[in-house]
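Colleague: Give me a model of this one.
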Amino acid sequence: MDSKPAPYALVAALALTLGAAATAHADVNAPQSFTCTASDGMNAVQLVAIHQPDLALLDFRMPRLNGLQAAQELRRAHPSLRVIIYSEIQGTTLEEECRNHGADGYVSKGRLPDGLLHEIRRLFPDAVL
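Modeller: Next up, the predicted model:
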């Protein structure tokens with residue numbers, strides 16, 4: 001089985017806890033590591049259109065467009081994009097709501113970094129992480 005490079009990702013409204021977790025596990029020498037950070041949900045939608053990443057990590061609580069709104073817009077405009085929403089809020093109801101708005105996965109901040117890596121591996125099983 002051929003392995004693929006790590007997913008090319010956009011991280012929106014990156015919290016310090018996620019930033020530390022993401023950078024600790026991203027190969028900074030890999031050409032397809034994290035590409036950019038968006039300041040809010042609207043900026044995330046704009047940057048996805050420009051950079052065409054494989055994965056968007058969205059904070060549930062972002063200004064201008066929240067994570068649900070951004071995920072819904074991204075799903076409509078970029079059907080093949082994988083979207084993971086993260087939040088300090090926990091619960092199966094929120095996870096279900098995220099999926100109903102177009103997200104492929106949900107991770108509570110309490111499950112970082114392992115939960116995030118699990119979701120990325122689930123969405124990109126052939127990628128080298």
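Colleague: May I see the buried residues of stretch 120-129?
Modeller: Within stretch 120-129, the residues that count as buried by 16 or more other Cβ atoms under 10 Å are Ile120, Leu123, Phe124, Ala127. All C-beta atoms are positioned from the backbone trio N, CA, C, and that covers glycine.
Colleague: Quick check on the last one: phi, psi?
Modeller: Spelled out, that is Ala127. Dihedral pair for Ala127: phi -80, psi 150, per degrees, to the nearest 10.
Colleague: re earlier: make TSV from the buried residues of stretch 120-129 and add distance to Leu55 and secondary structure to it.
Modeller: What follows is the buried residues of stretch 120-129, written out as TSV (distance: Cβ to Cβ, whole Å; DSSP: H, G, I helix; E, B strand; the rest coil):
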residue	distance to Leu55	secondary structure
Ile120	7	helix
Leu123	7	helix
Phe124	8	coil
Ala127	10	strand
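Colleague: Out of those, give me the two with the largest separation.
Modeller: Among these, the pair separated by the greatest distance (Cβ to Cβ) is Leu123 and Ala127, at 8.7 Å.
Colleague: sorry, back to before: I'd like the buried residues of stretch 120-129 written out as a markdown table, with pLDDT and distance to Gly102 added.
Modeller: Shown next, in a markdown table, are the buried residues of stretch 120-129 (pLDDT from 0 to 100; distance: Cβ to Cβ, whole Å):
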| residue | pLDDT | distance to Gly102 |
| --- | --- | --- |
| Ile120 | 90 | 17 |
| Leu123 | 92 | 14 |
| Phe124 | 89 | 18 |
| Ala127 | 80 | 21 |
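Colleague: What is the nearest of these to His101?
Modeller: Distances from His101 to these, taken by Cβ to Cβ, are shortest for Leu123, at 16.5 Å.
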